[in-house]
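A.B. asks: Test case, fold it:
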Amino acid sequence: MNTTSTPQTSTTSTTSPTPQQRVAITSSTISPITPRDQLTKPLTPIKPLPLSRKRKAEESYKEMMVGDESQFFANKDNHIKYMKWLASMLGYRYQEHWYKCRRVDFASNHGKLLLAQYGDDHIKAITTIYADQKWELWRFPTIRKGFWTQEMQREYMEWLGKRLDWDKEQWHFLTKRDFARNSGSQLLEMHDGSISNALTSIFPEYSWKPWMFDKVPEDYWIHKGNARLYLEWLADRLKLVSAQDWYDLTQRSFGANYGFKLLQAYNKSPWKLITTVMPELHSWESWRFRVLKGKRTNILILEELINKLSELHGGRDQLANVSLEAIEDIGGKDMLDEFGGSIASAMEALTNKDKYLNPEPKTKKSSAAASSKRGDDDDDDLDLDDISFEDLNSFESDMSGGIRL
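C.D. replies: Now for the predicted structure:
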């Protein structure tokens, strides 16, 4: 076996995708993470030996024996001789080829006595006899129980990150395919097939962001503390400082920043999410949030707006004299427009508050008509039930450094 002149693959530089590009990749697209010339496979094909060469190899084995086999293998200097002979039998030319070797390849080629000296472990035999080579043990097709120690898992992940030229922040965008292509499927299975479970277990000291993984851990958003962590991260990412910065957030803002699942847990409403999770951050005025057209809970926000106007202008009996400019000054125009655009229409809506909150079931035909009528009235509204994970993440391609949409 030639262990010193292994041919090298092309060193052409491969630019790693940015996180924004990576998350926009659909499940039907071949992952660009691992270029073809970096896949974990032999550098050259292993061709089986012709029968005539096998016969010659068997003859050379007999010539190699001095005395019986037990005496031959008792001398460790003969182990390298055997390995060179076995390499010729199996058609191995480079170190890479040994990753294809199985125990049966030794057993069926006079190697049982050699294996016995290495605990019947063919991988231990290979790596011990060729101890001067750097081995990536996870690349062998069969590894024994107990192989994936914490230390070995860390070594593998560091190797994978270096192989892909990704830092830990970019590891959030790893997929199961990336592990499968790089001999890591068994490691992933140890963590129930969850990349987030694997990384948080292997590197607990790193500040992982669970919402950035392809799949958020089950029940993660049930805990309000996790929602707070996300919103604090979002504030830093989008430079949210003033209350108005938060009011301007839309469903798209969350969809483009890994938060659509969290938003769904709060009825797809930025208002409900933000005021529930961070009520103390500002003196929130619900009507200042971006209006989600057709939401039943809008009637509750309208009621808060009317109560505020009543407080400012001496009671509800004085609201008829309130100008639209005064309503716009406190940020209530968009919510008023949702209910007809006037105080009178808003007051009429409030008299039917229960009907808004508990409407009669609609037929499929009427629901479709209402949906068609709304159309694209507000491009900022986004029905997350009707959009795929890949489409939501494609919003990242429209962002530059986390600029809010």
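
A.B. asks: Tell me where the model's unsure across this structure.
C.D. replies: Residues of the chain meeting the criterion pLDDT under 70: 1-59, 61-63, 65-67, 362-405.

A.B. asks: Give me the domain ranges for it.
C.D. replies: Following automatic domain parsing, one gets these domains for the chain: 51-139, 150-212, 231-290+385-405, 292-379.

A.B. asks: Which of the ones you listed sits closest to Y220?
C.D. replies: domain 150-212 (5.7 Å; Cβ to Cβ). C-betas here are computed from N, CA, C, even on glycine.

A.B. asks: and that closest one, how far apart are its ends?
C.D. replies: For domain 150-212, the first-to-last residue distance is 24 Å (Cα to Cα, to the nearest Å).

A.B. asks: ok, A235 - how many residues close by?
C.D. replies: Under the neighbour criterion other Cβ atoms under 10 Å, A235 is assigned a count of 15.

A.B. asks: what's the answer for G259, then?
C.D. replies: 25.

A.B. asks: Phi and psi next, for Y94.
C.D. replies: phi -130, psi 160 (degrees, to the nearest 10).

A.B. asks: try Y99
C.D. replies: The phi/psi pair for Y99 (degrees, to the nearest 10) is phi -70, psi -20.

A.B. asks: so what's it closest to, chain neighbours aside?
C.D. replies: R139 (4.5 Å; Cβ to Cβ, 6 or more residues apart in numbering).

A.B. asks: quick one: the one you found and R181 touch, right?
C.D. replies: No - using Cβ atoms under 8 Å, R139 is not in contact with R181, being 11.5 Å away.

A.B. asks: ok, L240 - contacts?
C.D. replies: Going by Cβ atoms under 8 Å, 6 or more residues apart in numbering, L240 touches L234, W246, L249.

A.B. asks: could you dump the domains of the chain to JSON lines with distance to E218?
C.D. replies: Formatted as JSON lines, these follow (distance: least, Cβ to Cβ, whole Å):
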{"stretch": "domain 51-139", "distance to E218": "27"}
{"stretch": "domain 150-212", "distance to E218": "9"}
{"stretch": "domain 231-290+385-405", "distance to E218": "11"}
{"stretch": "domain 292-379", "distance to E218": "27"}
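
A.B. asks: W221: which of those domains is closest?
C.D. replies: domain 231-290+385-405 (4.5 Å).

A.B. asks: Count the residues that sit near the residue nearest to G331 when sequence neighbours are not counted.
C.D. replies: Nearest-residue entry for G331: R288, 4.0 Å, with adjacent residues in sequence omitted and distances by Cβ to Cβ, 6+ apart. By the criterion of other Cβ under 10 Å, R288 has 21 neighbours.

A.B. asks: ok, which stretches of the stretch 201-350 of the chain are helices?
C.D. replies: Secondary structure of the stretch 201-350 of the chain (DSSP state H, counting those that start in this stretch): helices at 224-238, 243-247, 251-255, 260-265, 270-277, 298-313, 324-329, 333-338, 343-351.

A.B. asks: I would like the residues contacting stretch 304-318, please.
C.D. replies: 285-287, 319, 321-322, 326-327, 330, 332, 335-336, 343, 346-347, 350.

A.B. asks: Among those residues, which pair sits farthest apart?
C.D. replies: S286 and N321 (23.9 Å).

A.B. asks: between these two, which one's more packed in?
C.D. replies: Using other Cβ under 10 Å, the more surrounded residue of S286 and N321 is S286, with 21 against 10.

A.B. asks: Now do the same contact list for the more buried one.
C.D. replies: Shown in contact with S286 (Cβ under 8 Å, 6+ apart): W271, T275, L300, I301, E304, L305.

A.B. asks: any idea how far V277 lies from S269?
C.D. replies: Separation of V277 from S269 (Cβ to Cβ, to the nearest Å): 12 Å.

A.B. asks: do the same with S60
C.D. replies: 78 Å.

A.B. asks: Neighbour count: those two, which is higher?
C.D. replies: The neighbour comparison of S60 against S269 (other Cβ under 10 Å) goes to S269, with 21 against 12.

A.B. asks: hang on, that one packs against T275?
C.D. replies: No - using Cβ under 8 Å, S269 makes no contact with T275, being 9.3 Å away.

A.B. asks: Out of the helices of the stretch 201-350 of the chain, which is the most enclosed?
C.D. replies: helix 251-255 (a mean of 23; mean count of other Cβ atoms under 10 Å).

A.B. asks: which helices and strands does it pack with?
C.D. replies: helix 260-265, helix 270-277 (3 or more Cβ pairs under 8 Å, 6 or more residues apart in numbering; DSSP states H and E).

A.B. asks: mind running it again at 10 Å?
C.D. replies: Secondary structure elements in contact with helix 251-255, counted by 3 or more Cβ pairs under 10 Å, 6 or more residues apart in numbering; DSSP states H and E, are helix 224-238, helix 260-265, helix 270-277, helix 389-393.

A.B. asks: could I get these as TSV with distance to Y92?
C.D. replies: Shown next, in TSV, are those (distance: least, Cβ to Cβ, whole Å):
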stretch	distance to Y92
helix 224-238	50
helix 260-265	49
helix 270-277	59
helix 389-393	42
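
A.B. asks: and the residue nearest to G331, what does it touch?
C.D. replies: Residues near R288 by Cβ atoms under 10 Å, 6 or more residues apart in numbering: 243-244, 246-248, 271, 282, 301, 305, 330-332, 334-335.
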